[in-house]
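[1] Make a model of this:
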Amino acid sequence: MLRLFEPCIPTKAIKPPSGEGWIHEIKHDGYRLIARRVEDRVSLYTKGGFNWSARYPRIVAGLAMLNVSSVCIDGEVAFVEEDHKADFNMLHSRIYDDAAVLCAFDLLELNGEDLRDLPLLERKKRLKKVLGKGKRGLQYVDHWEGDGQKLFERVCRLGLEGIVSKRIDSRYRAGSSKHWIKTKNRGHAALNRVRDSFA
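    Next comes the predicted model:
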């Protein structure tokens, strides 16, 4: 049976944290997914616990290509256009389900080993190695160290949804976490959007 992992939920903030000990990732405008594979069986679960494996065949195919016996990845499914912006309306329309990608930002399990107690940067290092130079349907989410406010301002100028700041030594824990901070672009449509309650 596939072991399910509940997602870590970032705390909302008006501005990103500053100082050492934090990394910052671009927040892609999409649906949160926990992607799980054991041997040949792949499942994609929303944070509401719904199985969306049949909805995103490209992501399932990408997971099937990984050279692992088992893996569990946390990420955001998004429809990413040529300018690298995620278009939520395109994703929500369901027309482009076969073109959606999983923007992968954390690795929870690998080859039977539970990695949630490892520091964040170690988990991301392993995730990047697992994904290699990129697999069809899977995209590694890189991170930045330093001043989160500068990155946030740049993200806002580019019209992106926002950023998620994370403690570099944080362990992965289900539910709301003060070690993950989400700062949204207040001029972005996602701020006032009511998303599917099951996503």
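
[2] distance of the residue nearest in space to the middle of the chain from Asp147?
    Closest to where the C-alpha atoms of the chain average out (CA atoms, centre = their mean) is Gly75, at 2.3 Å. Between Gly75 and Asp147 the distance is 25 Å, computed by CB to CB, to the nearest Å. For every residue, glycine as well, the C-beta is placed using N, CA and C.

[3] Repeat that for Gly175.
    In terms of CB to CB, Gly175 sits 29 Å off from Asp147.

[4] The two: which has the busier surroundings?
    The residue with more neighbours, out of Gly175 and Asp147, is Asp147; 14 against 8, by other CB atoms under 10 Å.

[5] The more buried one is in contact with Ser18, isn't it?
    Yes: counting by CB atoms under 8 Å, Ser18 is a contact partner of Asp147 at 6.6 Å.

[6] And for the longest helix seen in the chain, what's in contact with it?
    As assigned by DSSP state H, the longest helix anywhere in the chain is helix 120-131. Helix 120-131 is contacted from outside by 23, 66, 68, 71, 73, 104-108, 110, 115, 118, 138, 140, 143, 166-172, using CB atoms under 8 Å, 6 or more residues apart in numbering.

[7] Stretch 49-66 now?
    With contacts defined as CB under 8 Å, 6+ apart, stretch 49-66 is touched by 4, 31, 33, 35, 37, 40, 42-46, 71, 73, 77, 94, 97-102, 130-131, 135-138, 198-199.

[8] So, low pLDDT: which residues of this protein?
    In the predicted model of the chain, residues 1-3, 82-84, 134-135, 191-199 satisfy pLDDT under 70.

[9] ranges for the strands of it?
    Applying DSSP state E to the chain gives strands spanning 8-13, 22-27, 31-38, 41-46, 70-78, 101-110, 113-114, 138-140, 144-145, 162-167, 175-184.
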